[in-house]
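> Compute the structure for the input listed below.
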Amino acid sequence: MNSPTVELKLPILPNMELVATQTADIIAKHMHLSEDQSGEITMALIETCINAFEHSKAGNNIFIHFIIEESSLVIKVIDQGIGFDKSKVAIPKIENKIGKDERKRGWGLQLIQALMDSVEFESTDSGTTVTMTKNK
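You can find the predicted model right below:
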């Protein structure tokens, strides 16, 4: 049996990631995930969407697939942008951020990986797919 899948096509517009988080919330309830798990999914999804909106230089849309499996929720965030090399994304130094005016940015990839049970990045010059899994 195929896993039920919800597919979203989101225009790159302000606050459009909230459509994705509302969808994730409904799916998490359907799957009987805890409020903590639902919150972790929401935060990871916001980070992933904002990364796609801000960095991908994708055309007009990003795509999100929620794949409801027996023991996990798999979320794919797909953009058709310029791609990136994860090994070249610098991890910010915490001491440079605390008590300074430097932007408190650059933590997205680490945050996503901390919030989800597994995260995979596939990226080429024709787009990036981030596959995140939250186990039940």
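> What is the subsequent helix or strand relative to the helix or strand bottoming out on mean pLDDT in the chain?
None of the helices or strands of the chain scores lower by mean pLDDT, DSSP states H and E than helix 94-97, at a mean of 56. The C-terminal neighbour of helix 94-97 among helices and strands, as given by DSSP states H and E, is helix 108-115.
> which is the next helix or strand following that following helix?
strand 118-124.
> Mind listing what's buried along that following strand?
Across strand 118-124, burial judged by 16 or more other C-beta atoms under 10 Å covers 119, 121, 123. C-betas here are computed from N, CA, C, even on glycine.
> helices or strands up against it?
helix 108-115, strand 127-135 (3 or more C-beta pairs under 8 Å, 6 or more residues apart in numbering; DSSP states H and E).
> now the last one, how far from the centre of its chain.
Taking the mean C-alpha point of strand 127-135 and that of its whole chain, the gap between them comes to 7 Å (C-alpha atoms, centre = their mean, to the nearest Å).
> which residues are contacting that strand?
Residues from elsewhere that reach strand 127-135 (C-beta atoms under 8 Å, 6 or more residues apart in numbering): 33, 37, 40-41, 44-45, 48, 51-52, 56, 58, 71-81, 83-84, 112, 116-123.
> weakest of the helices and strands packed on strand 118-124 by average pLDDT?
Lowest mean pLDDT of the helices and strands packed on strand 118-124: helix 108-115, a mean of 90.
> In that one, which residues are buried?
Those would be 108, 109, 112, 115, for helix 108-115 by 16+ other C-beta under 10 Å.
> swap in stretch 77-91?
Applying a neighbour-count criterion of 16+ other C-beta under 10 Å, one finds 77, 78, 79, 80, 81, 83, 84 buried in stretch 77-91.
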